[in-house]
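Colleague: structure of the sequence below:
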Amino acid sequence: MNEDQINQNLIQLARKMGKRNASQLLSVLGRDKQFINALDTTVGQELLKHLVDSIENKLVLILQEKDEPQDRSELKAYMGLLAKFQSTINSYNKNKMIFEKGSV
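Modeller: Numbers count the residues shown, from 1 in each chain. This next block holds a predicted model:
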């Protein structure tokens, strides 16, 4: 999307949503974009891989019935983090589509 298209989408959003709602959408989109950018870095990829590997390891322990009481608590915490990551990514993608369409 080039600069002219972005400007046109901003104008269309402001007309359709009102300036305040369009501003809120752009604010959320910008906040979530920072998270997406962080995941696109080497460090972000390593952290995400570590999270997924940790979940896998805890599940293996539980399925093999070799888990300690804290393993289930850790798995719950890891799953909560992964759900938050997924929610932020989904929110960003949804808002990005709204922005690119220039409508609600």
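Colleague: buried stuff in the one helix or strand in the chain whose mean pLDDT sits lowest?
Modeller: When the helices and strands of the chain are compared on mean pLDDT, DSSP states H and E, helix 3-17 comes out lowest with a mean of 70. Neighbour-count burial for helix 3-17 flags N9, L13, A14, M17 (criterion: 16 or more other Cβ atoms under 10 Å). Just so you know, the C-beta spots here come from the backbone N, C-alpha and C atoms, and that holds for glycine as well.
Colleague: then stretch 66-80?
Modeller: Neighbour count says stretch 66-80 has D67, E74, L75, Y78 buried, by 16+ other Cβ under 10 Å.
Colleague: so the spatially closest residue to the last one that is not a sequence neighbour, which state does it fall into?
Modeller: Pointing back at Y78 there. Leaving aside its chain neighbours, Y78 sits nearest to I55 (4.8 Å; criterion: Cβ to Cβ, 6 or more residues apart in numbering). Assigned by DSSP: H, G, I helix; E, B strand; the rest coil, the conformation of I55 is helix.
Colleague: what sits against I55?
Modeller: Contacts for I55 (Cβ atoms under 8 Å, 6 or more residues apart in numbering) come out as L75, Y78, M79, L82.
Colleague: report the separation between the second one and Q70.
Modeller: Spelled out, it's Y78. Separation of Y78 from Q70 (Cβ to Cβ, to the nearest Å): 12 Å.
Colleague: and what of the last one?
Modeller: Distance check for L82 against Q70: by Cβ to Cβ, it reads 18 Å.
Colleague: hang on, the earlier thing: need the buried residues of stretch 66-80 in CSV (columns: distance to S23).
Modeller: As requested, those are exported to CSV (distance: Cβ to Cβ, whole Å):
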residue, distance to S23
D67, 48
E74, 40
L75, 40
Y78, 35
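Colleague: from these, which land in helices?
Modeller: Among those, the residues falling in helices (DSSP state H) are E74, L75, Y78.
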